[in-house]
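Visitor: Model the following, please.
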Amino acid sequence: DLSPLKRGQTRDGAYGRETEDSVSTSASSSSSVDWLPEGPQYDVIDRRQGYLPSEAVPSNPPIFADLFPSSRRLRIRHDDTTLDGNMNLRVDTLVTQRNGYQQDVILFHLRMYDLYPRRFSLRRYCRDSGRE
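Guide: Here you go, the predicted model:
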């Protein structure tokens, strides 16, 4: 008799536990480890580099007085010059130099120590200015 079986039913008509049925019917003729690749499938990033280069320059008191407050566009972005860049924001503006070259000038730097209790440090000029 090749009629379809009901869930949990065996060929002799008895009903058994499904977990026993599925365990008894699952078999593998090859080892599961055979198909795994030998090396990693990802690139390992060397995190020893202490900073990433940036062309933004910190402001100083005379430049800051000229640039803030003003009607210039201020940009808020992550400070990617260190490894913890996602925990640092900087506020900068674009300044045109005498030779026509445009330079980012950092006005403020916000360092986030801990997001949950909202521990921040806001500094004028740059991250290393010490003015909080």
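Visitor: Just give the nearest non-adjacent residue to residue 75, would you?
Guide: Take residue 75 and drop its neighbours on the chain: the residue closest to it by Cβ to Cβ, 6 or more residues apart in numbering is residue 92, 5.6 Å away. (C-beta placed from N, C-alpha, C; glycine too.)
Visitor: Surely that neighbour is in a strand?
Guide: Yes. Secondary structure assignment places residue 92 in a strand (DSSP: H, G, I helix; E, B strand; the rest coil).
Visitor: quick one: buried residues of stretch 118-129?
Guide: Across stretch 118-129, burial judged by 16 or more other Cβ atoms under 10 Å covers 123, 124, 125, 126, 127.
Visitor: Likewise for stretch 86-103?
Guide: For stretch 86-103, a neighbour-count test (16+ other Cβ under 10 Å) marks 87, 88, 89, 90, 91, 92, 93, 95 as buried.
Visitor: Can you check the distance spanned by it, start to finish?
Guide: 22 Å (Cα to Cα, to the nearest Å).
Visitor: mean confidence for that stretch?
Guide: Averaged over stretch 86-103, pLDDT sits at 89.
Visitor: got the contact list for it?
Guide: Applying Cβ atoms under 8 Å, 6 or more residues apart in numbering, the contact partners of stretch 86-103 are 55-57, 67, 70, 72-79, 82, 104-113, 126-127.
Visitor: ok, now with 7 Å
Guide: For stretch 86-103, contacts defined as Cβ atoms under 7 Å, 6 or more residues apart in numbering pick out 55-57, 67, 72-79, 82, 104-112, 127.
Visitor: and if you look at stretch 56-67?
Guide: Residues from elsewhere that reach stretch 56-67 (Cβ under 7 Å, 6+ apart): 92, 93, 103, 104, 105, 106, 107, 124, 125, 126, 129.
Visitor: Could I get the CA-only coordinates of that stretch as PDB?
Guide: This file holds the C-alpha atoms of stretch 56-67, laid out as PDB (Å, rounded to 0.1, in the frame of the first residue of the first chain):
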ATOM      1  CA  ALA A  56      40.500  69.700   8.600                       C
ATOM      2  CA  VAL A  57      42.500  72.200  10.700                       C
ATOM      3  CA  PRO A  58      41.500  73.300  14.200                       C
ATOM      4  CA  SER A  59      40.500  76.900  14.700                       C
ATOM      5  CA  ASN A  60      42.200  79.300  17.100                       C
ATOM      6  CA  PRO A  61      40.700  82.300  19.000                       C
ATOM      7  CA  PRO A  62      41.000  84.900  16.200                       C
ATOM      8  CA  ILE A  63      39.800  82.500  13.500                       C
ATOM      9  CA  PHE A  64      37.000  81.200  15.700                       C
ATOM     10  CA  ALA A  65      35.800  84.800  16.400                       C
ATOM     11  CA  ASP A  66      35.600  85.400  12.600                       C
ATOM     12  CA  LEU A  67      33.700  82.200  11.900                       C
END
